[in-house]
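S.K.: with the input below, show me the fold.
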Amino acid sequence: MRAALYARVSTEEQARHGLSIDAQLAALRAWAQREGHIIAGEYIDAGISGKQPPAKRPELSRFFSDVERGAKVDVLAFCKLDRFFRSVKLYYQAMDVLDKYHIAWQAIQEDYETVTASGRMKVNIMLSVAENEADRTSERIKAVFDRKIEKGEAITRCQPFGLEVRGKKVVPNEYAPAALEAFQMFADTGNTYAVRDMIQTKYGVRLPYEAVYRFLQNPLYIGRYRDNSNYCQPIVPTEL
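M.R.: Just a heads-up that it's a prediction; the model follows:
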């Protein structure tokens, strides 16, 4: 049989439980070799929630596109059912595609079948449990982030132009003057393209138009993030 291998992990799960893409792939490859299957492709979604639909999972979306373009696959394999989906609704949407192309699925570390009514009921129950667990995990993560924001701590190291993370705080960096000048220029001209060109010409930093458009609307520059108006040191005066 021709088996497509699918591995997924969210960043939170990897940090909390030590899950890894490498461990999943190793198990899937060993299973394929043991069963005598041909590996038809490997699809890896790292840092993607199990509650995301295929359209928001680049690799699962690529798998479905490959199948629709004629890729020959007999079975889609993943380690556990919650690696595939953590939503009953999205699971059945994906099953419509798998059924259309006569592709079976296999959770190699769990015992499931969908031939009998009791087997389908077991799948529904386990998906519901996984969905509930994902909801509770999201709530816990949101609570942690809310506490960090309240204390003025960074929740990601990815910051907009002119800001960076030092220690646990978001602070201005060497491009803070360029960010301030960008706001001043936009206030005078209203021209985002001119702001982008100025940053590249004067400061040697190439930013796409979309990035400039977004940072000109970012309240971090006046020191505010969500409900914390004193989240970080401001670069731009509130009036500007």
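S.K.: mean confidence score for stretch 179-191?
M.R.: Average pLDDT, stretch 179-191: 95.
S.K.: can you pull the buried residues of that stretch?
M.R.: Ala179, Leu180, Glu181, Ala182, Phe183, Met185, Phe186 (16 or more other Cβ atoms under 10 Å). Where you see a C-beta, it was placed from the backbone N, CA and C, and this is true even at glycine.
S.K.: from the middle of its chain, how far away would the helix or strand the last one falls within be?
M.R.: Secondary structure here is read from DSSP states H and E; on that basis Phe186 sits in helix 176-189. Here helix 176-189 is found 32 Å from its chain centre; the criterion is Cα atoms, centre = their mean, to the nearest Å.
S.K.: what's the first helix or strand after it?
M.R.: helix 192-203.
S.K.: what's in contact with that following helix?
M.R.: Helix 192-203 has contacts (Cβ atoms under 8 Å, 6 or more residues apart in numbering) with 161, 175, 178, 181-182, 185-186, 189, 205-209, 212-213, 216.
S.K.: what helix or strand is Glu153 on?
M.R.: Short version, using DSSP H and E: Glu153 is in no helix or strand.
S.K.: and it, its phi and psi?
M.R.: phi -100, psi 150 (degrees, to the nearest 10).
S.K.: how about the one 4 residues further on?
M.R.: Dihedral pair for Arg157: phi -80, psi -10, per degrees, to the nearest 10.
S.K.: same question for Thr238.
M.R.: Residue torsions, per degrees, to the nearest 10, at Thr238 are phi -60, psi -40.
S.K.: how far away is the nearest residue in space to it that is not next to it in sequence from Met185?
M.R.: Closest residue to Thr238 apart from its sequence neighbours, by Cβ to Cβ, 6 or more residues apart in numbering: Ile222 at 4.9 Å. Separation of Ile222 from Met185 (Cβ to Cβ, to the nearest Å) stands at 17 Å.
S.K.: checking the spatially most central residue of the chain next. Helix, strand or coil?
M.R.: Geometric centre of the chain, nearest residue: Ile48, 3.8 Å, by Cα atoms, centre = their mean. Recorded secondary structure, Ile48: coil (DSSP: H, G, I helix; E, B strand; the rest coil).
S.K.: wait, isn't it in contact with Tyr6?
M.R.: No. Assessed by Cβ atoms under 8 Å, Ile48 is found out of contact with Tyr6, at 11.1 Å.
S.K.: now do the buried residues in stretch 45-52.
M.R.: Neighbour-count burial for stretch 45-52 [16+ other Cβ under 10 Å]: Asp45, Ile48, Ser49, Gly50, Lys51, Gln52.
S.K.: tell me the helix or strand right after the worst-scoring helix or strand of the chain on mean pLDDT.
M.R.: When the helices and strands of the chain are compared on mean pLDDT, DSSP states H and E, helix 11-17 comes out lowest with a mean of 54. Toward the C-terminal end, the helix or strand that comes next after helix 11-17 (DSSP H and E) is helix 21-35.
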